[in-house]
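In: next input, structure requested:
(one chain, ligands or ions: 1)
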Amino acid sequence: MIDFSTQYLGLKLSGPIVVSSTPLSENIDNVKRMEDSGASAIVLVSLFEEQLALESKALDEDLSRGTDSFAESLGYLPDLRDYRMTQEVYLEHLRKCKEAVKIPILASLNGATTGGWVRFAKDMEQAGADAIELNTYALATSKSQTAAFLEGQILELVAAVTSAVKVPVSVKLSQSFTSIPHLVSQLEDAGARGVVLFNRFYQPDFDIETLEVRPTLHFSTPSELLPRLHWAAILYGNMKADLAISGGVHSAEDVLKGIMAGAGVTMMASALHIHGIEHISRVLADVRYWLEKREYTSLWETRGCLSRRSVPDTSPFDRGNYIKTLSSYSLRQTVGAF
Ligand SMILES: Cc1cc2nc3c(=O)[nH]c(=O)nc-3n(C[C@H](O)[C@H](O)[C@H](O)COP(=O)(O)O)c2cc1C
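Out: The predicted structure is shown next:
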């Protein structure tokens, strides 16, 4: 029998597949099915900084206006209705998830700046969250915002959350940083126990007929896994915090690649939307079959075996890969063209 057990954020987990933040876990039956299918932990959908700020603004307005109905004040803030859960609903859902399953439940906060809303992490902890994932999605839209400023904001935010709670905090990063190893080391100094590679960047699409800019959400494909593998392989062995890969994990091969790059866990969202929650058990069975055929006794024997520090030739992780890929492509093209 293959041993799948692992540690992530100091939590003992039963296997390599964690369900990443998605609305699928807004339903308690789904949460139970995730556990039954072999998910080793679940990250709940995010609560957004903007949502918390709006709710607190509504409350302030209520108090200053002397009205007695918080719900009524929400009517002044129509945008709030677009969000999936209010704070209270979120905490109640978190408590229900904790009662319904034994696997760890991670709450998710999505924000970019430090503010009063950060205190909500404490409420998540009190409601039973085993850990908190911080999604730090920030965009530079002004030329006055330097890279150092934006990174500083994230570090401040992480330090504020880690000092507010005792449970471990992981940081879900965007891919767009110049020096990811340096940032990760600073995140560790700010108290982060784990790093999730990576947030997906949901760019809006343009409709050239209506001249509108529209939000779009496409599910991922396995090709999105490659930059995650690349960075996990570079980071593994050079950091204390645990690594998770989120983005493009669809099959057993993807899970194995993630672990071989050095991740402690791999996360799934799109694959579950596409194939259903029970896809987790099929993928785990395939991982087990692959390992048994090669006479491994535990998944962790493969951990990091394709990381930058484990392979004899590190050039594929450096400029060497870039040069080799481009030059081999142009040679093939030349042969075909003449
Ligand atoms: C419908 C949907 C909703 C999502 N909502 C959140 C969210 O609230 N917070 C978050 O951090 N990530 C959210 N994500 C991103 C996923 O957690 C995940 O990081 C991303 O989809 C990449 O993983 P995948 O390739 O397995 O889909 C969402 C993804 C999907 C498909």
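
In: please verify my assumption that Asp207 contacts Arg214.
Out: Yes: the pair Asp207 and Arg214 passes the contact test of C-beta atoms under 8 Å, sitting 5.9 Å apart. (Each C-beta comes from the backbone N, C-alpha and C, glycine too.)

In: shaky segments in this protein?
Out: Applying pLDDT under 70 to the chain flags the ranges 56-84, 319-327, 329-338.

In: repeat that for 90
Out: For the chain, applying pLDDT under 90 flags the ranges 1-2, 48-87, 111-119, 136-142, 145, 176, 200-205, 214-218, 309-338.

In: can you map out the strands along it?
Out: Secondary structure of the chain, counting by DSSP state E: strands at 6-8, 11-13, 17-19, 41-48, 105-110, 131-135, 169-173, 194-197, 205-207, 212-214, 242-246, 265-268.

In: let me have the ones you listed in TSV, adding distance to Asp286 and mean neighbour count as columns.
Out: Below are those laid out as TSV (distance: least, C-beta to C-beta, whole Å; neighbours: other C-beta atoms under 10 Å):
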stretch	distance to Asp286	mean neighbour count
strand 6-8	18	19
strand 11-13	19	17
strand 17-19	11	28
strand 41-48	20	24
strand 105-110	25	25
strand 131-135	26	25
strand 169-173	26	26
strand 194-197	23	26
strand 205-207	34	11
strand 212-214	37	10
strand 242-246	17	27
strand 265-268	13	28
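
In: can I get the ones you listed in JSON lines including distance to the ligand?
Out: Below are these laid out as JSON lines (distance: least, C-beta to the nearest ligand atom, whole Å):
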{"stretch": "strand 6-8", "distance to the ligand": "15"}
{"stretch": "strand 11-13", "distance to the ligand": "17"}
{"stretch": "strand 17-19", "distance to the ligand": "9"}
{"stretch": "strand 41-48", "distance to the ligand": "3"}
{"stretch": "strand 105-110", "distance to the ligand": "5"}
{"stretch": "strand 131-135", "distance to the ligand": "4"}
{"stretch": "strand 169-173", "distance to the ligand": "5"}
{"stretch": "strand 194-197", "distance to the ligand": "7"}
{"stretch": "strand 205-207", "distance to the ligand": "16"}
{"stretch": "strand 212-214", "distance to the ligand": "16"}
{"stretch": "strand 242-246", "distance to the ligand": "4"}
{"stretch": "strand 265-268", "distance to the ligand": "5"}
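
In: would you turn the ones you listed into a markdown table with distance to Asp254?
Out: Output for the strands of the chain, formatted as a markdown table (distance: least, C-beta to C-beta, whole Å):
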| stretch | distance to Asp254 |
| --- | --- |
| strand 6-8 | 16 |
| strand 11-13 | 18 |
| strand 17-19 | 10 |
| strand 41-48 | 18 |
| strand 105-110 | 21 |
| strand 131-135 | 20 |
| strand 169-173 | 18 |
| strand 194-197 | 13 |
| strand 205-207 | 26 |
| strand 212-214 | 29 |
| strand 242-246 | 9 |
| strand 265-268 | 7 |
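
In: compare those strands and give me the one nearest Tyr90.
Out: Nearest to Tyr90, of all those, is strand 41-48, at 5.2 Å by C-beta to C-beta.

In: neighbouring strands - and their directions - for the closest one?
Out: Its sheet considered, strand 41-48 pairs with strand 17-19 (parallel), strand 105-110 (parallel) by DSSP bridges.

In: what's in contact with the longest one?
Out: Under the contact criterion C-beta atoms under 8 Å, 6 or more residues apart in numbering, strand 105-110 has outside partners 18, 21, 41-49, 90, 94, 97-98, 118, 120-121, 124, 127-135, 137, 161, 170, 172.

In: at 7 Å instead, please
Out: 21, 41-49, 94, 97-98, 120-121, 124, 129-135, 137 (C-beta atoms under 7 Å, 6 or more residues apart in numbering).

In: next one: the first one
Out: Taking contacts as C-beta under 7 Å, 6+ apart, the residues outside strand 17-19 that touch it are 25, 34, 38-43, 244, 255, 265-268, 272, 280, 283-284.
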